[in-house]
Structures are given as C-alpha cells and as structure tokens.
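S.K.: give me coordinates for this.
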Amino acid sequence: MTLAGQLLVAMPEMGDPRFDQAVIYVCAHSEDGAMGLIVNKPTPEVNFTDLLEQLEISSGPETRDIRIYYGGPVEGARGFVLHSADYASEGATMPVDSGIGLTATLDVLEELAKGRGPKSSLLALGYAGWGPGQLEGEIAQNGWLTCAARPDIVFGRANEHKWSAALKSLGIDPLLLSGEAGHA
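M.R.: Next up is the predicted model:
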C-alpha cells in the first residue's frame, strides 16, 4: 500500500525536534523509500520576493505572496512547489494524487511571479526522505499517524493549527494523545 497523497502526523514522542508536531504530505512512496514535504513549518527568514530576486526572476505587483516552508532536513537548498492540480508543467510536474501535483523546476516560480500558475501552492525548501522500509518502521514504532490529505490542511494558512486539524480528522483529541504505543 502506498502512502503517496497521505499526511504523516508526528506523534508527541517523535524524538527528533525537526519533526516536532510536523505534518508531512507524502509525495512519493514505494519499496525504494519515501519522500515528503513538511507543510506546517514556514521559514520566516526567507520570503518569496527575495527568493525570486536571488533566482533572477522578475516580480511585480501581480506576484502573489507565497509562503516558503521548511520542507525537511534533506537538500535544504532545493525547492519544491506543492500545488493544486489545476497547474502542470509539461514533463516537470509529478501528479501525486487527483488533486495535488509537485513541480521542482523554475517555470512554476516564473508563473507564480506573474500572478499565474496554480490556484493553491506552497514552496518548500528541502524535503523529508526515508530509505527502504524506514518509514514503515517509524510508523510501526508509533512515530507517525497517517490520514487523508485535505486541501485545507495542506494549503491552509493557519500553520499552527494544521497538526491538531490533522489529528482531529482522525477523531483524535490532541490533548488526550499519548506518545506511548499500546501493544497487546
């Protein structure tokens, strides 16, 4: 079973501070491993206009304010745009599920700078990656819960509420959540 298109929700006893209360959208998952983007940890030290300037992409009054996120600890200088399926760059966009795609080329940034491109998007620097069987092991050790990815959680602006919203989508009250696994 693939977890692509699902959310990973960090359990309280995760142990790795980089993933404390993280919500990760899984972009790819196979027997070779998994890759995902943290969707609830914006990087306040980097803004979209400055990034466009660094990449020598012209911005103007039509440029939308796109939040930049800490996507994960792997390849922190590499950018990924997670976006609604109303946008696709030929040969560059990887459809993840019926409603969300992933593009890691400059053309999507150029479109966003012109006020075009996908209706919903977020830009992540870096990603979270797992080797073969690693993610499944972390789930078995009570490190993550999985749930359906809802657009309001993935693309919503209230980052401080995404973790609890993902848990509530599973019927779990975050205040009652324990990091201890129960095994019969």
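S.K.: which strand or helix spans the most centrally placed residue in the chain?
M.R.: Centroid-nearest residue in the chain, with Cα atoms, centre = their mean: residue 37, separated by 3.1 Å. Here residue 37, judged by DSSP states H and E, is contained in strand 33-38.
S.K.: sort out which residues of that strand are buried, please.
M.R.: 34, 35, 36, 37, 38 (16 or more other Cβ atoms under 10 Å). Placement of C-beta: from N, CA and C, glycine included.
S.K.: closest to residue 140 among those?
M.R.: Nearest to residue 140 among the buried residues of strand 33-38, counting by Cβ to Cβ, is residue 34 at 14.0 Å.
S.K.: ok, that closest one to residue 130 distance?
M.R.: Distance of residue 34 to residue 130, given as Cβ to Cβ, to the nearest Å: 4 Å.
S.K.: what about this protein, any weak spots by pLDDT?
M.R.: Counting by pLDDT under 70, the chain shows low-confidence ranges at 178-184.
S.K.: tell me which two of the buried residues of strand 33-38 sit farthest apart.
M.R.: Within the buried residues of strand 33-38, 34 and 38 form the most distant pair, 13.3 Å apart (Cβ to Cβ).
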